[in-house]
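Trainee: next comes the sequence, and after it the predicted model I'd like to discuss.
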Amino acid sequence: MPSSSIFKSICAAAAILATPTSAQIGNWDILYQSLETDFQEGVTNEITLDYLIGAGRTFNIDLFDKDCIAPITGMNIITTTARMSNVDADHDGLEIMLDLDKSSITSSNIWDDSKLEFCIRVQLLSGGAVIKEE
């Protein structure tokens with residue numbers, strides 16, 4: 001084989017090996033957007049939080065006392081979520097609605113000096129493993 005053919009073969013092989021490939025790393029964003037409250041009589045879902053999360057990601061929501069460790073005690077809170085798929089190419093919308101038992105707020109551990117203080121943890125999961133949390 002002439003040396004020019006060997007050189008062409010080596011150059012072609014090197015070009016294939018040097019061609020960059022892009023591995024898709026999925027979006028793991030958790031982006032807080034807003035908080036709305038409505039404590040009027042008869043209203044459910046007194047607190048609504050909106051997030052953008054990585055498109056198609058499995059999520060988990062937990063509520064805690066303001067220390068982000070202790071559970072909320074002394075009142076019931078019903079957590080409901082709504083997902084809006086494909087808000088943009090990389091994100092889904094996540095709405096977290098909290099329905100509080102208003103009659104027991106003052107006896108709870110999240111009531112402190114005339115205000116509610118609590119912690120919400122949003123986690124994105126893969127196969128049950130936490131990949132990201134806020």
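Mentor: Noted; the coordinates are in hand. All values reported here derive from a predicted model rather than from experimental measurement.

Trainee: CA only for contacts and neighbour counts going forward, please
Mentor: Fine.

Trainee: and the gap between Glu41 and Ser114?
Mentor: 18 Å (Cα to Cα, to the nearest Å).

Trainee: which stretches of this structure have low pLDDT?
Mentor: Within the chain, the segments meeting pLDDT under 70 span 1-25.

Trainee: most centrally placed residue in it?
Mentor: Per Cα atoms, centre = their mean, the C-alpha nearest to the average position across the chain is that of Ile30, at 4.0 Å.

Trainee: that one contacts Ile53, correct?
Mentor: Yes - with contact defined as Cα atoms under 8 Å, Ile30 reaches Ile53; the gap is 4.6 Å.

Trainee: send the alpha carbons of stretch 44-58 over as PDB?
Mentor: Taking Å, rounded to 0.1, in the frame of the first residue of the first chain, the C-alpha atoms of stretch 44-58 are listed here in PDB:
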ATOM      1  CA  THR A  44     -58.800  26.200  50.400                       C
ATOM      2  CA  ASN A  45     -55.200  26.100  49.300                       C
ATOM      3  CA  GLU A  46     -54.300  29.200  51.300                       C
ATOM      4  CA  ILE A  47     -50.700  29.000  50.000                       C
ATOM      5  CA  THR A  48     -49.700  28.400  46.400                       C
ATOM      6  CA  LEU A  49     -46.000  28.200  45.300                       C
ATOM      7  CA  ASP A  50     -45.000  28.000  41.700                       C
ATOM      8  CA  TYR A  51     -41.700  26.500  40.400                       C
ATOM      9  CA  LEU A  52     -40.100  25.500  37.100                       C
ATOM     10  CA  ILE A  53     -38.500  22.100  37.200                       C
ATOM     11  CA  GLY A  54     -36.600  20.000  34.700                       C
ATOM     12  CA  ALA A  55     -39.000  18.700  32.100                       C
ATOM     13  CA  GLY A  56     -40.300  15.200  32.800                       C
ATOM     14  CA  ARG A  57     -38.500  14.900  36.200                       C
ATOM     15  CA  THR A  58     -40.000  12.900  39.100                       C
END
